[in-house]
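Asker: Quick one: sequence plus predicted model below, questions after.
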2 protein chains.
Amino acid sequence: MVGAMVGAMEPPVDEHELMRRARALGGRTVPEVAQMLGVPLPRRPGRAKGFVGQLAERALGGACDSRVGPDFAELGVELKTLPVDGRGRVRESTFVCTAQIAGASELDWSTSRVRRKLARVLFLAIRADLPPAERRFGAAFLWSPDAAQEAQLRADWEDLMGAVAIGQVEAIDARRGEVLQLRPKGANAAARTLAFDAEGAPILSAPKGFYLRSRFTAGLWRGASLWA
Amino acid sequence: MVGAMVGAMEPPVDEHELMRRARALGGRTVPEVAQMLGVPLPRRPGRAKGFVGQLAERALGGACDSRVGPDFAELGVELKTLPVDGRGRVRESTFVCTAQIAGASELDWSTSRVRRKLARVLFLAIRADLPPAERRFGAAFLWSPDAAQEAQLRADWEDLMGAVAIGQVEAIDARRGEVLQLRPKGANAAARTLAFDAEGAPILSAPKGFYLRSRFTAGLWRGASLWA
DNA sequence: ACGGATCCATCATTGGATCCAG
DNA sequence: CTGGATCCAATGATGGATCCGT
């Protein structure tokens, strides 16, 4: 059955198929899955921070070339790996998407990228407390925000983007937002993107991304486990 | 004196210095100059279409990292290689810059990239009728458009960009324009960029670049030769 | 001859995230 | 713990132009 994963893979036809594939990854190590897919391992694991996420996407039949839309476009499902330790604790925040700093005032929650990305998410746990060669996939669960979660996300999004829209981008830091935060997202601390200050004058500011706090995804993980 | 060209080179301090360096290239072959600069030759010459131009820029002390502004920013001078044959005939049109298709209606000649690029140009002839290993640099001359030339360029630019601005981009071909033409400029015929049709609806259209007709640059070449 | 098609290198941006100092 | 910094691969643009079929 291992051979069934090798080579080009059709996209999953529905969520059940997607979940079957995700569960089939459970227990397998990262090097195992890479070999099944014929993907070379990075020379220095730990530097290739996105490798496991992209490996998972390929392993599930995702469209690795699509730069717009969800990872599984026809299902409307986003894939996110969730780094956990042996006791099931979430180790890291979860990157959602980059923030549009310039033009923030023209955006609203209902059409926001954060809302679209989080409308339907397949979380795939990965043991992040082991050495790279032993890292293995764990449980998988599908999630959509319930009313209370969406309200929290929306409140944070509107607070953060509202601040950006009135030129406060430089005053925002990662402490703001209960479940959703804005953090630097770029090649390094010198990265800059177009923004506007409180007077509306163009400035160059650090690019930012939206992240889910680990406290929040930990709650999703515990909730999902009840049904596992 | 050949050794003086090796290694990192200061930008030329003025046009005279730039011209001295350009004349010093005259008669040298492309492989010679590449070796002087320690630049490896492309494996398949003829495929690396921009190689000679970039080699020339380095040989003259240009800023190869600057993506905005003229090649010799402090002098306001653009470098263009001019492919000629043994009898001094110009073999190719000269690429000027890419055309801004979306938003064309907000542009005008006085601030256009075409006008800025052509305000001051160092043309460096290169024998293009020889095999790659024997191609050699020839005469160099500085040019700025005179009143009549600028009027021609402006008329063509306004005709072409006017057509783009009213959504006629798909109807424009390389036959239009007396001295300046619009031609495809992209990876291949499938390349597409944002444009707007006559109704103002967004469409995807082939990216275009401005080119000087060889008839025009041939005239500059002959004019310059009178003074050589 | 020349209009349309193409080629390469480099830089910038985006999407995938984890690293690490205090 | 966690806020700020960073890393890699792949894609897209841009700048340098010449190639080539009709």
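Answerer: Yes, it's here. Numbering: from 1, shown residues only, chains lettered A, B, ... in the order given.

Asker: wait, does the longest helix along chain A contact DNA strand C?
Answerer: The longest helix of chain A (DSSP state H) is helix A:147-165. No. If you take CB under 7 Å from any atom of the strand as the test, helix A:147-165 misses DNA strand C, and the best it gets is 14.8 Å. Heads up, the C-betas are built off the backbone N, CA and C, glycines and all.

Asker: pLDDT value on the residue lying farthest from the centre of chain A, please?
Answerer: What lies farthest from the middle of chain A is residue A:199; by CA atoms, centre = their mean that is 33.7 Å. pLDDT for residue A:199: 95.

Asker: Flag every buried residue along the longest helix of chain A.
Answerer: Within helix A:147-165, the residues that count as buried by 16 or more other CB atoms under 10 Å in any protein chain shown are A:149, A:152, A:153, A:154, A:156, A:157, A:159, A:160, A:161, A:163, A:164, A:165.

Asker: which of these sit farthest apart?
Answerer: A:149 and A:165 (23.6 Å; CB to CB).

Asker: separation between residue A:9 and residue A:50?
Answerer: 20 Å (CB to CB, to the nearest Å).

Asker: Among the two, which residue is more densely surrounded?
Answerer: residue A:9 (15 against 11; other CB atoms under 10 Å in any protein chain shown).

Asker: Could you give the secondary structure assignment for that one?
Answerer: Three-state call for residue A:9 (DSSP: H, G, I helix; E, B strand; the rest coil): coil.

Asker: My guess is it contacts residue A:61. True?
Answerer: Yes. With contacts counted by CB atoms under 8 Å, residue A:9 reaches residue A:61, the gap being 4.0 Å.

Asker: Provide a list of residues in contact with the nearest residue to residue A:216 once chain neighbours are set aside.
Answerer: Nearest non-adjacent residue to residue A:216, counting by CB to CB, 6 or more residues apart in numbering or on different chains: residue A:179, 4.1 Å away. By CB atoms under 8 Å, 6 or more residues apart in numbering or on different chains, the contact set of residue A:179 is A:149, A:152, A:153, A:156, A:212, A:213, A:215, A:216.

Asker: Distance to residue B:39 and pLDDT added to these, as JSON lines?
Answerer: Output for these, formatted as JSON lines (distance: CB to CB, whole Å; pLDDT from 0 to 100):
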{"residue": "A:149", "distance to residue B:39": "57", "pLDDT": "98"}
{"residue": "A:152", "distance to residue B:39": "57", "pLDDT": "98"}
{"residue": "A:153", "distance to residue B:39": "53", "pLDDT": "98"}
{"residue": "A:156", "distance to residue B:39": "52", "pLDDT": "98"}
{"residue": "A:212", "distance to residue B:39": "48", "pLDDT": "98"}
{"residue": "A:213", "distance to residue B:39": "51", "pLDDT": "98"}
{"residue": "A:215", "distance to residue B:39": "54", "pLDDT": "97"}
{"residue": "A:216", "distance to residue B:39": "53", "pLDDT": "98"}
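
Asker: Sticking with residue A:222, tell me its helix or strand.
Answerer: Assessed by DSSP states H and E, residue A:222 sits inside helix A:214-225.

Asker: and the angle for that helix with helix A:147-165?
Answerer: 160 degrees (axes from the mean of the first three to the mean of the last three CA atoms, to 10 degrees).

Asker: what does helix A:214-225 contact?
Answerer: Residues contacting helix A:214-225 (CB under 8 Å, 6+ apart): A:82, A:84, A:88-94, A:123, A:125, A:139, A:141, A:143, A:152, A:179-180.

Asker: Can you flag which of those residues belong to helices?
Answerer: Using DSSP H, these in helices are residue A:152.

Asker: If any of the contacts of helix A:214-225 are buried, give me the ChimeraX selection for them.
Answerer: Entered in ChimeraX, the line below selects the buried ones among the contacts of helix A:214-225, by 16+ other CB under 10 Å:
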select /A:82,84,90,93,94,123,125,139,141,143,152,179,180
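
Asker: In strands, which of the contacts of helix A:214-225 appear?
Answerer: A:82, A:84, A:94, A:123, A:125, A:139, A:141, A:143, A:180 (DSSP state E).

Asker: hey, what's the third one bridged with?
Answerer: On the basis of DSSP bridges, residue A:94 is bridged to residue A:212.

Asker: what does residue A:80 give?
Answerer: Going by DSSP bridges, residue A:80 forms beta bridges with residue A:123.

Asker: got the contact list for it?
Answerer: A:53, A:94, A:121, A:122, A:123, A:124.

Asker: wait, what's in contact with the fifth one?
Answerer: Residues counted as contacts of residue A:123 (CB under 8 Å, 6+ apart) are A:80, A:81, A:82, A:140, A:141, A:142, A:143, A:217, A:220, A:221, A:224.

Asker: Let's see the pLDDT reported for it.
Answerer: On pLDDT, residue A:123 comes in at 97.

Asker: Could you measure from it over to residue B:51?
Answerer: From residue A:123 across to residue B:51, the span is 49 Å (CB to CB).

Asker: next one: the second one
Answerer: With distances defined as CB to CB, the gap from residue A:94 to residue B:51 amounts to 45 Å.
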